[in-house]
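J.: Just a sequence and a predicted model for now, questions to come.
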Amino acid sequence: MSSRNFDKLRPIENISTTTGYCSDPTVGDSLDEIEQEDRWTSLQLACRDGDLPAIEVLLSDPSTNINAPPSGWYGQNALQAACAQGHIAFVKRLIAAGADFNAAGDFNRPRTALQIACSAGNGEIVDLLLGARADVSVPAAKYNGRTALQAASEGGHLPVIEKLLHVGADVNAPGAHYGGLTALQASCSPTSNIAAVRLLLSVGANINAPPSRYLELTALQNASLHGHLDMVKELLERGADANAPGAYTGGGTALLAASECGYVEIVKTLLAAGARVDTTSGQKRQTALQAAAANGHGDVFAILEKAEEACLRKREIRLSAVLNPS
């Protein structure tokens, strides 16, 4: 359930040189990307590298395909590359030249230009794309994709979130099948903030939306995993299910997530809200007590052990009442 475990499921060469499994997969080079560089078109490379004179020369050539699709493991089309690097002048030039702003990304970077700009929190580029009528409702790609709103929420980019909601982005659009997050679930990631959580809740985000089947979390589980005590309290106050099951693959309860990472105050908060010590879910089949022990969190283990003992005493009292009615 911890971020360590998620990263172990990906080959090291495929992990971005930025940070964490929640980091933006559109930024940063990898060994594979460098090896595949010759599969980018000249225009795509110029947009990625910030070479405006080269872009002008290439766009003046009738043989240049401005919408050549991405190629290789980490390819991007010209507009996506410009958006990923924040090259505003290039984005303007490409839109004026007829770039397809709704084109999908490739397998490992499965995001449209708008989704990329939202992930980076680049409000000026987002405005340009929305002004050109980029589709705010493009669904999340199957593998690790994000809608525009999910991408902005994951980064906690409030101004961008507000723009997207204003133009009708679906706050409850489903996440990707693999590694997906709803907007609210994404807003509980390590790169986001409580203000984003509150904004999304204020417009009707489903606080108890289930996690995607593979390797993802409910909003409360995500906040618990990443140590966001303020988010955990907010979500519980608004009705988050403290015992919701985690994803089938790699999932666990909110209490397990906090226990695995050693977050004492979050563990106490979840227990006070009725989180069960003995609950397991998904393939992991591990209790919070087992997770604390396995990760060497003695202080959390002691808290959970007391809670488990209290739970057992209550069961014994109830059982005795059934077996020995007065």
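T.: Right, received. Where do you want to start? Numbering: from 1, shown residues only.
J.: residues near Ala96, how many?
T.: For Ala96, the count of nearby residues is 10 (other Cβ atoms under 10 Å). Quick note: C-beta positions are derived from backbone N, CA and C, even for glycine.
J.: May I have the phi/psi pair for it?
T.: Dihedral pair for Ala96: phi -60, psi -30, per degrees, to the nearest 10.
J.: ok, now how distant is it from Leu128?
T.: Relative to Leu128, Ala96 is positioned 10 Å away (Cβ to Cβ, to the nearest Å).
J.: Could you do Gly121 as well?
T.: With Cβ to Cβ as the criterion, Gly121 and Leu128 are 14 Å apart.
J.: Just the element for the residue nearest to the spatial centre of the chain, please.
T.: Geometric centre of the chain, nearest residue: Ala186, 4.4 Å, by Cα atoms, centre = their mean. Assessed by DSSP states H and E, Ala186 sits inside helix 183-187.
J.: Run through who's touching that helix.
T.: 146-147, 149-151, 153-154, 156, 161, 169, 171-173, 175, 192-193, 196-197, 200-201, 205-207, 209, 211, 216-219, 222 (Cβ atoms under 8 Å, 6 or more residues apart in numbering).
J.: Quick one: mean pLDDT over it.
T.: The average pLDDT within helix 183-187 is 98.
J.: now swap in stretch 212-222 and tell me
T.: The average pLDDT within stretch 212-222 is 90.
J.: Name the residues of that stretch that come out as buried.
T.: Neighbour-count burial for stretch 212-222 flags 212, 214-222 (criterion: 16 or more other Cβ atoms under 10 Å).
J.: Pull the most distant pair out of the residues you listed.
T.: Tyr214 and Leu220 (18.8 Å; Cβ to Cβ).
J.: show me where pLDDT drops low in the protein?
T.: 1-38, 108, 310-322, 326 (pLDDT under 70).
J.: Domains in it, by residue range?
T.: According to automatic domain parsing, the chain comprises the domains 3-206, 232-326.
J.: Export those domains as TSV, with columns for distance to His226.
T.: What follows is the domains of the chain, written out as TSV (distance: least, Cβ to Cβ, whole Å):
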stretch	distance to His226
domain 3-206	4
domain 232-326	8
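J.: Tell me the secondary structure of Lys268, please.
T.: Here Lys268 is recorded as helix under DSSP: H, G, I helix; E, B strand; the rest coil.
J.: And it, how close does it get to Gly246?
T.: Distance, Lys268 to Gly246, using Cβ to Cβ: 20 Å.
J.: what do you get for Gly296?
T.: Separation of Gly296 from Gly246 (Cβ to Cβ): 22 Å.
J.: Look at Gly252 and say how many residues are nearby.
T.: By other Cβ under 10 Å, 30 other residues sit near Gly252.
J.: typo on my end, Gly168
T.: Counted with other Cβ under 10 Å, Gly168 comes out at 8.
J.: what's the neighbour count on the residue lying closest to it once chain neighbours are set aside?
T.: Nearest residue to Gly168, sequence neighbours excluded (Cβ to Cβ, 6 or more residues apart in numbering): Val136, at 6.5 Å. Per other Cβ under 10 Å, the neighbour tally for Val136 reads 23.
J.: Contacts only, for Val136.
T.: Taking Cβ under 8 Å, 6+ apart, we find Val136 in contact with 114, 130, 148-149, 164, 167-169.
J.: Now distance to Asp61 too, for those, in CSV please.
T.: Converted to CSV, the contacts of Val136 look like this (distance: Cβ to Cβ, whole Å):
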residue, distance to Asp61
Leu114, 27
Leu130, 30
Ala148, 32
Leu149, 37
Leu164, 36
Val167, 35
Gly168, 38
Ala169, 37
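J.: which one of the residues you listed has the most neighbours?
T.: Result: Ala148 is most packed of the contacts of Val136 (other Cβ under 10 Å), 34 neighbours.
J.: where's that residue relative to Gly175, distance?
T.: Between Ala148 and Gly175 the distance is 13 Å, computed by Cβ to Cβ.
J.: same deal with Ala97?
T.: Distance, Ala97 to Gly175, using Cβ to Cβ: 33 Å.
J.: neighbour-wise, which of those two wins?
T.: Using other Cβ under 10 Å as the criterion, Ala97 and Gly175 rank with Gly175 on top: 24 against 15.
J.: before we move on, which element is the more buried one in?
T.: Going by DSSP H and E, Gly175 is not in any helix or strand.
J.: what's near enough to touch it?
T.: Gly175 makes contacts with 140, 146, 150, 181-182, 185-186, 212, 216, as judged by Cβ under 8 Å, 6+ apart.
J.: Contacts only, for Leu217.
T.: For Leu217, the contacting residues are 1, 181, 185, 188, 211, 225, 246-247, 251, 257, by Cβ under 8 Å, 6+ apart.
J.: count of residues packed around the residue nearest to Gln80 when sequence neighbours are not counted?
T.: Spatially, and ignoring its direct neighbours in sequence, Gln80 is nearest to Ala113 (5.1 Å; Cβ to Cβ, 6+ apart). Counted with other Cβ under 10 Å, the neighbours of Ala113 add up to 33.
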